[in-house]
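>>> Whatever this is, show me its structure:
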Amino acid sequence: MRDAGTHYTQPLDKPVLKLDGITKVFPGVKALDAVSFDLRAGEVHALMGENGAGKSTLMKVLAGIHQPDAGRIVHNGVEVRMPTPLAARASGILLIHQELSLSPELSIAENIYLGAWPTNALGILRKRKLNRDAAAALHSLGCDYNPRARVGTLSIARKQMVEIARTQAFNANVVIFDEPTASLTDTERDQLFATIRDLQKRNVAVIYISHKMDEIFQISDRITVLRDGKLQGTVDTADSDIDQLTRMMIGRDLDSYFTRATGQTGPEVLRLEGLGCEGCFKDVDLSVAAGEVLGLYGLIGAGRSELAEAVFGIRKVSAGRIFWMGREITPPSPRKAIDMGLCLAPESRKEQGLVLGMSGRDNITLPHLRDFSRLLMMRRTHETEVFERYRGILKIKTSGPDQRVADLSGGNQQKFVLAKWLCKTPRLLILDEPTRGIDVGSKSAIHALIAELAEQGLAVIVISSEMPEVLGVSNRILTMSDGRINAEFSGAGMTEQALIDAVSAPT
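Numbering: from 1, shown residues only. So this is what the prediction gives:
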């Protein structure tokens, strides 16, 4: 066995990479159980499974972040160890994380070569060479970015291209994309797919992790499915379909992917009249009633998330009126909103929805400390009871109440965001991209939960960029474009074409 770091050539008809019997155990959890996987040069091999199935753990083993407890890695025909991420990258294996691993205060060039900056004999950084090499790596991808520009000034799509430029800088022959389109527009996604096709032409092997079925069938050549840390099989994409993959992922047929509340609506819970927020949205009229699921659909940048944040008290309202339970109120602070029973599950769970270093139990109870304390002491038993209740309701995969949420999959993290608000029994729950980065089985469960909450009398606003989702769960839909509500649909009028026409109409 050799350490990773030396390049070898390999005939294209043989696997460029083989993982054989990989096992990884964390305290209380067997994350991977004798998983085998192979990858051919020039192919896009999709890796699918429910949240917690072991996808990210397997890729972190390959990228040198985790060390396997058993099994072997064969790269370019030679058995290797990946002791560190730098060793994996030096061998030509590059992991592009779902949450981009860039330093915003460093330049593009400094980020591309992070950990491998060129220096002279005295250890002084050779800036000209760094910028020249970075410019060449960017140019090979068709990017004309200034390598001296600070990464923090870039859009999400451009940051992703900076990550991909590392494939050129380090001559990568295996590139792993983990949920790469989670924060991209359709145009940016198409640009990413074009880049992946270009990598294929150069015989770079690509591993593509995504929960989005349409992307998997569009971009991949083969698909491997994991469930509960075990290999369920590998299929050719052309010979598979959504039903087969769903059965492989969740062990059963998915009878109903979307569930819509069918109960009677009650009194109006929230009404907005002419609401405005400087630079974000204006003249917004909106109402939602108890027992109703109101969908809010629009393109990225339309002002949907900003509207939710203003209602919750994060952003300052500059115009308009807010009515709560039939009475006009002043714009609330987040604390007042929570006390009223108005809760927001934000779009970015890691930056806004959770404290990653805290446990799942502590994240659930954090906004409600007064409800879980007595005489300035936390009632730990009560906290644990609530944790166990929502762990069961939402089927959260965690080793116990003390496990850090940072160590969980994205889908299980999202479930903790929901649990945090459900334990408060809110009157209005605003869900901003509630199923982003969540597997097909968990999505279906959350859709069913939304319908159940509405039928229990809760008012729900669902903000989603996924048109099938907003059509499938909503009783009524408002479309938003350029900071304004521009159309309303219900019943038979809720169609894909109607939503497309509304958000595409000139303002």
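>>> How many neighbouring residues does G71 have?
A count of nearby residues for G71, using other C-beta atoms under 10 Å, gives 16. Bear in mind the C-beta positions are built from the backbone N, C-alpha and C, glycine included.
>>> Tell me the secondary structure at it.
strand (DSSP: H, G, I helix; E, B strand; the rest coil).
>>> how about the strands in the stretch 151-300 of the chain?
174-178, 205-209, 222-227, 230-236, 268-277, 281-289, 293-298 (DSSP state E, counting those that start in this stretch).
>>> Report the contact partners of E110.
S103, W117, L130 (C-beta atoms under 8 Å, 6 or more residues apart in numbering).
>>> ok, it to L122 distance?
19 Å (C-beta to C-beta, to the nearest Å).
>>> okay, the strands of the stretch 151-300 of the chain in CSV with distance to I156, mean pLDDT and mean neighbour count next?
Formatted as CSV, those follow (distance: least, C-beta to C-beta, whole Å; pLDDT from 0 to 100; neighbours: other C-beta atoms under 10 Å):
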stretch, distance to I156, mean pLDDT, mean neighbour count
strand 174-178, 14, 91, 25
strand 205-209, 18, 94, 23
strand 222-227, 26, 93, 22
strand 230-236, 31, 93, 16
strand 268-277, 22, 96, 19
strand 281-289, 21, 95, 19
strand 293-298, 17, 93, 26
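>>> Same list (those) but as CSV, adding distance to H139.
Formatted as CSV, the strands of the stretch 151-300 of the chain follow (distance: least, C-beta to C-beta, whole Å):
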stretch, distance to H139
strand 174-178, 18
strand 205-209, 21
strand 222-227, 31
strand 230-236, 35
strand 268-277, 41
strand 281-289, 39
strand 293-298, 35
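>>> Kindly check the end-to-end length of stretch 428-447 for me.
16 Å (C-alpha to C-alpha, to the nearest Å).
>>> same question, stretch 385-404
Stretch 385-404: ends 18 Å apart by C-alpha to C-alpha.
>>> Could you give me the buried positions within it?
Neighbour counts over stretch 385-404 (16 or more other C-beta atoms under 10 Å) mark V386, F387, Y390, R391, L394, I396, K397, T398, P401, Q403, R404 as buried.
>>> ok, of the residues you listed, which one's closest to A169?
R404 (32.8 Å; C-beta to C-beta).
>>> Apart from its chain neighbours, what residue comes closest to A88?
Using C-beta to C-beta, 6 or more residues apart in numbering and skipping residues adjacent in sequence, the residue nearest A88 is G64, 3.8 Å away.
>>> So that neighbour sits against M82, correct?
Yes: with contacts counted by C-beta atoms under 8 Å, G64 reaches M82, the gap being 3.7 Å.
>>> of the two, who's got more company?
Neighbour count, other C-beta under 10 Å: between G64 and M82, M82 has more, with 25 against 22.
>>> How about the contacts made by the more buried one?
So M82 contacts A4, V61, L62, A63, G64, Q67, I73, A88, S91, I93 (C-beta under 8 Å, 6+ apart).
>>> Any chance of a markdown table for these, columns secondary structure?
Below are the contacts of M82 laid out as a markdown table (three-state DSSP):
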| residue | secondary structure |
| --- | --- |
| A4 | coil |
| V61 | helix |
| L62 | helix |
| A63 | coil |
| G64 | coil |
| Q67 | coil |
| I73 | strand |
| A88 | helix |
| S91 | coil |
| I93 | strand |
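>>> any weak-confidence spans in this protein?
1-13, 28, 98-100, 183, 252-258, 437, 439, 505-507 (pLDDT under 70).
>>> Quickly list the domain ranges of it.
Domain ranges of the chain: 2-92+171-250, 99-170, 268-504, per automatic domain parsing.
>>> For those domains, give me JSON lines that also has distance to T259.
Below are the domains of the chain laid out as JSON lines (distance: least, C-beta to C-beta, whole Å):
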{"stretch": "domain 2-92+171-250", "distance to T259": "16"}
{"stretch": "domain 99-170", "distance to T259": "30"}
{"stretch": "domain 268-504", "distance to T259": "4"}
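>>> For R260, which of those domains is the nearest?
The nearest among the domains of the chain, by C-beta to C-beta, is domain 268-504 at 5.9 Å.
>>> And the closest one, end to end?
30 Å.
>>> What of stretch 298-306?
First-to-last residue span, stretch 298-306, C-alpha to C-alpha: 12 Å.
>>> Centre of the chain to it, how far?
17 Å (C-alpha atoms, centre = their mean, to the nearest Å).
>>> re earlier: would you mind checking the contacts of M82 for buried ones?
Buried among these by 16+ other C-beta under 10 Å: A4, V61, L62, A63, G64, I73, A88, S91, I93.
>>> For the fourth one, which non-adjacent residue is closest in space?
Computed as C-beta to C-beta, 6+ apart, the closest residue to A63 that is not its neighbour in sequence is L95, at 3.9 Å.
>>> Fine, thanks again, bye for now.
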